[in-house]
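Student: build me a model from this:
(one chain, ligands or ions: 1)
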Amino acid sequence: MYKLYTRPGSGGFVVEAALALIDAPFEHVDVAKTDRPDPAFLAISPLNQVPVLTLPDGRSVTESAAICILLAERHPRAGLAPAADEPARADFLRWMAFMSSMLYPAVLRLYYAHRYTADAEGTKAVKTAAVAEMDRGFAIVDAALRGRDWLVGDRMSLADIYLVMLVAWHPDIDKARAAWPDIERLWARLREHPLMRTLNASHEMWPA
Ligand SMILES: N[C@@H](CCC(=O)N[C@@H](CS)C(=O)NCC(=O)O)C(=O)O
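Tutor: Sure thing, here's the model as predicted:
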């Protein structure tokens, strides 16, 4: 059985969505935010971050994008991502990497600004730059969504869920909805998706 280490409102949101779409039973472990992490948790997540997915064979995987790609590969019938031989696979990998390496770190610079400056007075500037970088990334994804129903291919994939998770972390939701109409169009549809509604009830990613 899978075991998911997560926390409400965290990157565990998309992994929980993937496990639900697969219909895979899993053990849910809530990891409290603490400066004194459990050494057993640090052994599987050296940065003390969630999500972590422990596989049925006991190996643990960190990094939300890697977990999503792995689950999609292991459960092809769930259609979580275009298959390796489908043309849309390239877009899927591209956007998963873009979102996890460009957008997610910008979010972290906003919410953990103290880690990104040695200047006690410097966090405000880090936060301002982080939001500017988030805005730059979302504008790129918004343009990629123009004229499309889904970020990759012609059906919902984990890339869409990953995207709405990230945009929900924007500090100015009203601005986000107005500034990126194509992301908002996708997000509006996912806000009505029964699974997203269920997950949002516990994660409170966006106002119900
Ligand atoms: N690169 C990681 C980032 C994970 C991450 O930063 N998770 C946050 C929650 S959304 C966390 O656990 N933060 C606690 C910390 O960094 O101390 C991923 O994509 O999974």
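
Student: and the longest helix for this structure?
Tutor: helix 123-145 (DSSP state H).

Student: for that one, name the packing helices and strands.
Tutor: Here helix 123-145 touches helix 88-98, helix 104-111, helix 158-168, helix 173-179, helix 181-191, going by 3 or more CB pairs under 8 Å, 6 or more residues apart in numbering; DSSP states H and E. (C-beta placed from N, C-alpha, C; glycine too.)

Student: between it and helix 88-98, how big is the angle?
Tutor: 170 degrees (axes from the mean of the first three to the mean of the last three CA atoms, to 10 degrees).

Student: mind listing what's buried along helix 123-145?
Tutor: Of the residues in helix 123-145, 123, 126-127, 130-131, 133-135, 137-138, 141-142, 144-145 count as buried by neighbour count, 16 or more other CB atoms under 10 Å.

Student: stretch 90-108 too?
Tutor: Those would be 91-93, 95-96, 98-100, 103-104, 106-108, for stretch 90-108 by 16+ other CB under 10 Å.

Student: tell me, which of those make contact with the ligand?
Tutor: Under the cut-off given by CB under 6 Å from any ligand atom, the ligand has S100, Y104, L108 from those close to it.

Student: can you list the domain ranges for this structure.
Tutor: Domain assignment for the chain by automatic domain parsing gives 2-78, 88-193.

Student: make CSV from those and add mean pLDDT to it.
Tutor: Conversion of the domains of the chain to CSV gives the following (pLDDT from 0 to 100):
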stretch, mean pLDDT
domain 2-78, 97
domain 88-193, 98
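
Student: need the contact list for the residue most central in space within the chain.
Tutor: In the chain, the C-alpha nearest the mean C-alpha coordinate belongs to Y162, at 4.0 Å (CA atoms, centre = their mean). Taking CB atoms under 8 Å, 6 or more residues apart in numbering as the criterion, Y162 is in contact with V14, S64, A65, C68, W95, M96, M99, S100.

Student: quick one: secondary structure of V61?
Tutor: strand (DSSP: H, G, I helix; E, B strand; the rest coil).
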